[in-house]
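Novice: make a model of this:
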Amino acid sequence: MLNLPVYLRGNTYYLHTRVLGKQVKKSLGTSDKKTAMMLAGQLLAQIFPMVIRRYEIDLHRGVLKSDGPEDHARMLVALETLGKLSPHAPSPPGGPLKARVGLRLPEVVEKFFQLKKQLRPATVLAYKNTCNEFAGFINNPMVDEIDISDVTRYQDHLAKFNTTRTIDNKIGVLNSVFNFAKKQGYYFKDNPAAGRKLMTNQQRAKGGFAIFEVEDLQKVFGSEFQNWKKKDPDFYYVCLLALISGCRVSEITSLLAENLRLTPVHHIKIKDSKTQAGVRSVPIPQIFMEELREFYKQKTGKEQIFKYKLRLGKGSGTAVGQKFGRHLDKIGIENDQLVFHSLRKFFNDFCMKNDIAFEPRCQVMGHEIDNVNVGIYTNEFSIEQLEKIFPPVQKKILSLIP
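Specialist: A predicted model of the protein is given here:
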């Protein structure tokens, strides 16, 4: 009999060797030495002189696993050869089993985005980064081997370097991906990331970005800010446009010349947004639109209105947000919850307090309305209708600052 690195541990034989500097221990799932030698021979034939193959054959426990189609094919060849060499080898309990083709979490994420093509590149990258980080932390097993304890350990690991909000965001990503895996038949257990939020919705709301008070807003757009009109007009107009439109910074910085519309009324057309509801038209007071167009005319040959470039995974508004933060520090506003996004919150709050109804506010803000009566049984407001509602309030906002 061949001298193979096969050893008996308890009642089961194991293959124990080193391949390319890595230790390999595999249960051969049998207490019969002849069968163990044949199984070991087949395994060694598959792993030398190449790399370790990832399929698993355990006839004693009735387990057959493979890592993708190619690995699945190699495993079937090994099973066929084993059957020819050892017609009396033990069968799995309950009769022959079909080999199972498994996926790992990064592969599930790829399938997730093949079907959800509408998501922004930054969202795609954030999901991939989180899932790759999680998979690496738990040594990238088959997705059906992941359980709730893995998510718990990952949360404990994240707590060493991240805020509670960030931990919840990352676990929320895993929750979405595992829900998808269950629906598509890649995962059959309970979602291990479901119900794992550390913060309540109320805590998240209170811990989020604050809303500017009028007094702070007047300080923000005071004489120090007016200097930016000459020093950095891109920054100047992005901030003002956020103040009177409620648009997200990434929506503003990605505007093209064709998105500035003069007919049927003065408005901007948002085509690049984080949600479907964010694709919308926002009325703009004529006086501000004319000034914005004059600013753009100086950029001969430029298609993009503002100078900010898209950074992979960061959007095109990161530089604006950072500069706005430095501006707040300089003028003595030291509230960490007041950020560029607070301008968007101020716009919505100011419109509400000036009696603009919920539905048109949601449409202009790009918020989904989870209500059958509104979402299904009504049409959107036309831009002509929005013009009658918003410009008077927008002019009122502009009158608050120099």
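
Novice: ok, longest strand in the protein?
Specialist: Scanning the chain for the longest strand, with DSSP state E as the assignment, gives strand 12-19.

Novice: could you point out which element follows that one?
Specialist: strand 22-27 (DSSP states H and E).

Novice: now do the contacts for residue 260.
Specialist: 268, 289, 292, 293, 296, 305 (C-beta atoms under 8 Å, 6 or more residues apart in numbering). No exception for glycine: its C-beta is placed from N, CA and C like everyone else's.

Novice: now with 10 Å, please.
Specialist: 266, 267, 268, 269, 284, 289, 292, 293, 296, 305 (C-beta atoms under 10 Å, 6 or more residues apart in numbering).

Novice: now swap in residue 291 and tell me
Specialist: 237, 240, 285.

Novice: where along the stretch 201-350 of the chain do the helices fall?
Specialist: 201-207, 214-220, 223-226, 228-231, 233-245, 249-253, 286-297, 318-330, 341-353 (DSSP state H, counting those that start in this stretch).

Novice: list the buried residues in the fourth one.
Specialist: Residues of helix 228-231 classed as buried under the neighbour-count rule (16 or more other C-beta atoms under 10 Å) are residue 228.

Novice: report all helices and strands that that helix contacts.
Specialist: helix 233-245 (3 or more C-beta pairs under 10 Å, 6 or more residues apart in numbering; DSSP states H and E).

Novice: if you count neighbours, what's buried in the helix it packs on?
Specialist: Residues 234, 235, 236, 237, 238, 239, 240, 241, 242, 243, 244, 245 are the ones in helix 233-245 that count as buried (16+ other C-beta under 10 Å).

Novice: could you do stretch 353-373 as well?
Specialist: Under 16+ other C-beta under 10 Å, the buried positions of stretch 353-373 are 356, 360, 361, 362, 363, 364, 365, 366, 367.

Novice: tell me which of those residues is nearest to residue 395?
Specialist: Ranked by distance to residue 395 (C-beta to C-beta), the buried residues of stretch 353-373 are led by residue 356 at 13.5 Å.

Novice: before we move on, back to that, now, the buried residues of stretch 353-373 that are in helices?
Specialist: 360, 361, 362, 363, 364, 365 (DSSP state H).

Novice: so what's the second one up against?
Specialist: Put plainly, it is residue 361. Contacts of residue 361 (C-beta under 10 Å, 6+ apart): 246, 347, 348, 349, 351, 352, 367, 389, 390.
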